[in-house]
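Student: next come a sequence and a model predicted from it.
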Amino acid sequence: TVDACVEAAVAAALAAHGRIDAVIHNAGIVPVGVSEAFSTADLQSLLETNFVGCHRIHQAVLPSMRARRQGLLLHVWSIAGRLVTPLFFSLYSASKVALEATAEGLRYALAPFGTDSAILKPGPFATGLFAQAPRPSREEVLGSYGPVTAEADGVAQALEARVFTAFPAETNLQLVVDAFVALVEAEPGERPRLSCVGIDFGARALNADMEPHRLSALAA
């Protein structure tokens with residue numbers, strides 16, 4: 001979330017290794033709660049991490065990648081951006097939709113420079129995000145929602161108890177690591193534009209259904 005920090009980190013990597021082959025955008029926070037109760041400052045903090053931070057890193061790494069005509073931007077998206085559920089994660093979903101649009105646009109803009117942009121969409125994984133999930137700061141709004149507030153507070157715990165416990169193999173973090181490695185090691189031009197990993201709740205089917213429409217829009 002700090003320009004100078006990102007610029008210094010990228011400069012240090014280039015000085016030490018001469019190049020940056022891949023960037024994995026994996027930063028993310030998941031605010032949980034009634035959307036109205038999050039202040040404008042709360043939302044700005046979310047977007048600084050989940051969306052603006054990625055743009056900040058793009059600006060720092062892309063000049064060297066384009067100059068070398070080689071590199072990969074791997075954006076860790078979420079099926080929550082495809083399936084917006086009534087589970088009090090809507091602001092998180094919004095940040096991921098914004099990230100997808102940016103990643104998609106970069107894929108076409110960077111293709112002439114030999115630089116790739118891809119999207120990985122994980123399902124739910126036991127990363128500990130919910131334990132650190134920001135809560136709404138507008139207490140007066142929370143109070144006006146009554147029992148809905150308590151329901152929102154219990155959603156994250158319920159998800160962890162039901163999904164992670166019931167599907168340990170499908171929510172094993174190693175699946176995501178393996179997906180990272182496969183995408184980074186894939187030959188340029190052969191990486192899928194987007195891919196899913198883990199429990200997808202139908203996101204793969206939705207992606208497939210949308211593909212003809214995307215190609216038709218591009219052709220037009």
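Tutor: Received it, and whenever you're ready, just let me know what you need. Numbers count the residues shown, from 1 in each chain.
Student: CA atoms for contacts and neighbours, from now on please.
Tutor: OK.
Student: ok, and the closest non-adjacent residue to the residue nearest the centre of the chain?
Tutor: Residue closest to the average C-alpha location in the chain (Cα atoms, centre = their mean): Trp77, at 2.9 Å. Closest residue to Trp77 apart from its sequence neighbours, by Cα to Cα, 6 or more residues apart in numbering: Lys121 at 4.8 Å.
Student: now do the contacts for that neighbour.
Tutor: 76-79, 194-197 (Cα atoms under 8 Å, 6 or more residues apart in numbering).
Student: just confirm it is within a strand.
Tutor: Yes: the assignment for Lys121 is a strand, going by DSSP: H, G, I helix; E, B strand; the rest coil.
Student: quick check: bridge partners of it?
Tutor: Cys196 (DSSP bridges).
Student: what bits of the chain have low per-residue confidence?
Tutor: 80-87 (pLDDT under 70).
Student: run the last query once more with 80
Tutor: Applying pLDDT under 80 to the chain flags residues 27, 78-87, 126, 128-132, 152-164, 189, 200-211, 213-215, 218-220.
Student: what comes up buried for the helix or strand Met65 falls within?
Tutor: Following DSSP states H and E, one finds Met65 within helix 53-68. Within helix 53-68, the residues that count as buried by 16 or more other Cα atoms under 10 Å are 53-54, 56-58, 60-62, 64-66.
Student: tell me which stretches of this structure form strands.
Tutor: 22-25, 71-76, 115-122, 194-197 (DSSP state E).
Student: in a markdown table: these, plus distance to Pro31.
Tutor: Output for the strands of the chain, formatted as a markdown table (distance: least, Cα to Cα, whole Å):
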| stretch | distance to Pro31 |
| --- | --- |
| strand 22-25 | 18 |
| strand 71-76 | 17 |
| strand 115-122 | 17 |
| strand 194-197 | 22 |
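Student: these two touch, right, the residue nearest to the centre of the chain and Glu100?
Tutor: Yes: under the criterion of Cα atoms under 8 Å, Trp77 makes contact with Glu100 at 6.9 Å.
Student: now Ala12: how far from Ala150?
Tutor: Per Cα to Cα, to the nearest Å, Ala12 is found 46 Å from Ala150.
Student: just Glu139 next, same as before
Tutor: Relative to Ala150, Glu139 is positioned 13 Å away (Cα to Cα).
Student: over to Ala219?
Tutor: Distance of Ala219 to Ala150, given as Cα to Cα: 48 Å.
Student: which of these two has more neighbours?
Tutor: Higher neighbour count among Ala219 and Ala150: Ala150, with 12 against 7, using other Cα atoms under 10 Å.
Student: so how far is Leu129 from the more buried one?
Tutor: Counting by Cα to Cα - Ala150 and Leu129 are separated by 19 Å.
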